[in-house]
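In: turn this into a structure:
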Amino acid sequence: MSADFREIWVYLSASPLAGLTLTLVAYQIGLWIFERFGRRPVLNPVLIAVLLLAAVLSVTGVEYRTYFEGAQFVHFLLGPATVALAVPLYNQFHQVRRSALAMIVALLVGSAASALTAVAIAWAFGGSMPTLLSLAPKSVTSPIAMGVSEQIGGLPSLTAVFVILTGIIAATLGTWVLNLIRVKDWRARGFGMGVAAHGIGTARALQVNEVAGAFAGLGMGLNGLATAILLPILYRLIFG
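Out: Residues are numbered from 1 along each chain as shown. Have a look, this model is predicted:
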C-alpha cells in the first residue's frame with residue numbers, strides 16, 4: 001500500500017460513513033453473487049458480506065469498533081425492519097389463527113430444543129460455563145439474545161457471534177434440511193426457520209415464499225419473547 005493511498009485510507013476509515021458504505025457495498029456484492037448463481041442457499045448474501053468485511057478489516061487493520069461507528073446506522077434499522085414484518089403477517093393472519101395451537105407446541109419444543117442441544121453439545125466438548133450460557137439464547141435476534149445472555153451470566157459479545165453464525169448456517173442449510181425430512185407445508189417451513197434462525201432465516205423464508213415469510217416473522221418474534229421470559233427463569237431454577 002503506497003504512502004498516498006495509506007493516508008487517504010486512514011482519513012476515510014476515520015469517517016463514520018466509511019463503515020456504512022463498506023457494509024452496503026459488501027452486501028450488494030453478496031446479493032449480486034447470490035442472484036448471479038441461481039439464488040443458491042450456500043451463497044447467502046449475508047455470509048458473503050460478512051466474509052468480505054472480515055477480509056477488508058483484516059487487511060487494512062481497521063478495528064471493529066471504528067468500523068461499527070458507521071455500521072451502527074444499519075444496526076439501527078433492524079428495529080424498523082423487524083416491525084415491518086407485521087405486514088406479511090397481517091396478510092396471512094387468517095392462516096395464523098387456524099394454526100395457533102400447533103404453533104404454540106412447535107414454539108415451546110423448538111425453543112427448548114434449540115437452547116438445550118447447543119448447550120449440551122458445547123458441554124460435551126468441554127465448554128466453559130460462560131460459553132454455555134452465551135450459547136443458550138443463540139436462536140433469537142441479537143438485541144434480545146445479548147440482553148438475555150448478560151442477565152444469566154453469559155458474554156453478550158460472544159452471544160452476538162453465535163447468533164450471527166446460527167442465522168447464516170440455518171439460512172444456508174435450512175431449505176435442504178426441510179426438503180430432506182419432507183416438510184412441505186409453507187407455514188411449518190417458515191415458522192421453523194423463524195424459530196431456529198431469527199432474522200436471517202426470516203429473510204431467507206421471505207425470498208422463497210410469502211406465507212413462509214409471514215410465519216417465519218411470527219416464529220422469530222414469539223421465540224424472542226419466549227426466550228426472554230423462560231430462559232432467565234430456568235437459569236434461576238437450576239443455578240439459583
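In: CA atoms for contacts and neighbours, from now on please.
Out: Noted.
In: any idea how far G38 lies from W32?
Out: As for G38, its distance to W32 is 10 Å (criterion: C-alpha to C-alpha, to the nearest Å).
In: the two: which is more packed in?
Out: For G38 against W32, the residue with the higher neighbour count under other C-alpha atoms under 10 Å is W32, and the figures read 13 against 9.
In: how about the contacts made by the more buried one?
Out: The neighbourhood of W32, defined by C-alpha atoms under 8 Å, 6 or more residues apart in numbering, contains no residues.
In: quick check: phi and psi at it.
Out: According to degrees, to the nearest 10, the main-chain angles of W32 amount to phi -60, psi -50.
In: show me the domain layout of the chain.
Out: Using automatic domain parsing, the domain parsing of the chain gives 3-76, 83-239.
In: ranking those by burial, who's on top?
Out: Using mean count of other C-alpha atoms under 10 Å, the stretch among the domains of the chain with the largest mean neighbour count is domain 83-239, at a mean of 19.
In: residues contacting L43?
Out: Contact partners of L43, counting by C-alpha under 8 Å, 6+ apart, are G30, I33, F34, T172.
In: next one: it from N91, what distance?
Out: Noted for L43: a distance of 29 Å to N91, by C-alpha to C-alpha.
In: next one: the lengthiest helix in the chain to chain centre, how far?
Out: Among the segments of the chain that qualify as a helix by DSSP state H, the longest is helix 210-239. Mean-position distance between helix 210-239 and its chain equals 13 Å (C-alpha atoms, centre = their mean, to the nearest Å).
In: which residues of the protein fall in helices?
Out: 3-13, 16-36, 45-60, 64-76, 78-84, 86-91, 93-98, 100-124, 129-135, 142-152, 156-180, 186-208, 210-239.
In: any idea how far the residue positioned nearest the centre of the chain lies from A71?
Out: With the centre of the chain defined as its mean C-alpha position, the nearest residue by C-alpha atoms, centre = their mean is G167, 3.9 Å away. Per C-alpha to C-alpha, G167 is found 19 Å from A71.
In: now R187
Out: Counting by C-alpha to C-alpha, the gap between R187 and A71 amounts to 34 Å.
In: ok, now L107?
Out: The value you get for L107 to A71, if C-alpha to C-alpha is used, is 32 Å.
In: and A197, by the same measure?
Out: Applying C-alpha to C-alpha, one obtains 22 Å for the distance of A197 from A71.
In: now do L132
Out: 29 Å.
In: run through the protein and note the low-pLDDT ranges.
Out: Using pLDDT under 70 as the threshold, the predicted model of the chain has low-confidence ranges 1-16, 75, 240.
In: thinking again about what came up before, angle of the longest helix of the chain against helix 100-124?
Out: Here helix 210-239 points in a direction 50 degrees away from that of helix 100-124 (axes from the mean of the first three to the mean of the last three C-alpha atoms, to 10 degrees).
In: what's helix 210-239 packed up against?
Out: Packing partners of helix 210-239 (3 or more C-alpha pairs under 8 Å, 6 or more residues apart in numbering; DSSP states H and E): helix 86-91, helix 100-124, helix 142-152, helix 186-208.
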